[in-house]
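Enquirer: Test case, fold it:
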Amino acid sequence: MKTIIEIPFEDSKLAKNAYKVLQGELTFKKRAAPSVKIVGKSIVVTINADDISALHAATGSFMRALKVIFSVQSTK
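Expert: Residues are numbered from 1 along each chain as shown. Next up is the predicted model:
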């Protein structure tokens, strides 16, 4: 199973900062294999998982981290 999430940012600097933060979410190595890459002013998160539960957990973890990233950006 696989999901791909593309998140656009206002500029490439914000995308790079978010990329660094999301590196900490790459710990799902048992049942899910996430990857993060920068494409222009966007970040692309790809998650491959063994089953729907693992996909759900990994996706939720990235979405929570993204929520924090966007919350911090909106306060600046």
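
Enquirer: Partner strands of whichever helix or strand Ile47 is part of and their direction?
Expert: Following DSSP states H and E, one finds Ile47 within strand 42-49. Sheet partners assigned to strand 42-49 using DSSP bridges are listed as strand 2-8 (antiparallel), strand 32-39 (antiparallel).

Enquirer: nearest to Ser74, of these?
Expert: strand 2-8 (14.3 Å; C-beta to C-beta). Using the backbone N, CA and C atoms, a C-beta is placed for each residue, glycine as well.

Enquirer: Check whether Phe70 sits in a helix, strand or coil.
Expert: What DSSP: H, G, I helix; E, B strand; the rest coil gives for Phe70 is helix.

Enquirer: residues contacting Leu22?
Expert: Val36, Ile43, Val45, Phe62, Ala65, Leu66, Ile69 (C-beta atoms under 8 Å, 6 or more residues apart in numbering).

Enquirer: so can I have CSV of those residues showing pLDDT and distance to Pro8?
Expert: CSV is the format used below for those (pLDDT from 0 to 100; distance: C-beta to C-beta, whole Å):
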residue, pLDDT, distance to Pro8
Val36, 95, 14
Ile43, 96, 8
Val45, 96, 13
Phe62, 91, 15
Ala65, 91, 16
Leu66, 92, 12
Ile69, 89, 13
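
Enquirer: Distance to Ala15 and neighbour count added to those, as CSV?
Expert: Formatted as CSV, the contacts of Leu22 follow (distance: C-beta to C-beta, whole Å; neighbours: other C-beta atoms under 10 Å):
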residue, distance to Ala15, neighbour count
Val36, 10, 20
Ile43, 5, 24
Val45, 12, 23
Phe62, 15, 21
Ala65, 14, 16
Leu66, 12, 18
Ile69, 10, 19
